[in-house]
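In: Quick one: sequence plus predicted model below, questions after.
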Amino acid sequence: MAIRGYVLIETEVGSAKAVGEAMQHLNHKDARVLSVDTVTGPYDVIVQLEADDLDRLGNCITEGIQAIGGVKRTTTCLAVRLG
């Protein structure tokens with residue numbers, strides 16, 4: 001079963017647009033980008049990822065997303081099925 005997560009990204013001042021565009025084109029071997037939204041509030045960009053397992057999801061975040069210029073901090077929320 002695939003793992004889905006929402007990565008909440010804080011960017012450097014003035015970098016939200018460029019980071020959002022980079023996320024649209026992110027191509028990482030371990031996970032698939034399902035959606036990218038540039039948002040207002042405490043986070044600047046929210047990316048929805050899907051991977052085969054938690055390790056692959058983590059690799060995409062640390063090797064892919066966090067390596068992009070302008071990304072200051074990430075917070076990941078995993079999707080769960082309750083009940």
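Out: That came through fine.

In: By residue count, tell me the biggest helix in the protein.
Out: Taking DSSP state H as the criterion, the chain has its longest helix at helix 16-24.

In: gap between residue 63 and residue 28?
Out: Distance of residue 63 to residue 28, given as CB to CB, to the nearest Å: 7 Å. For every residue, glycine as well, the C-beta is placed using N, CA and C.

In: rewinding a little: quick one: the longest helix of the chain to chain centroid distance?
Out: Helix 16-24 has its C-alpha centroid displaced from the chain centroid by 11 Å (CA atoms, centre = their mean, to the nearest Å).

In: avg pLDDT for the helix or strand just after it?
Out: Note on helix 16-24: by DSSP states H and E, the next helix or strand toward the C-terminus is strand 31-38. Taken as a whole, strand 31-38 has a mean pLDDT of 97.

In: just checking, what packs against strand 31-38?
Out: On a contact count with 3 or more CB pairs under 8 Å, 6 or more residues apart in numbering; DSSP states H and E, strand 31-38 meets helix 16-24, strand 45-51, helix 54-59.

In: All set now, cheers.
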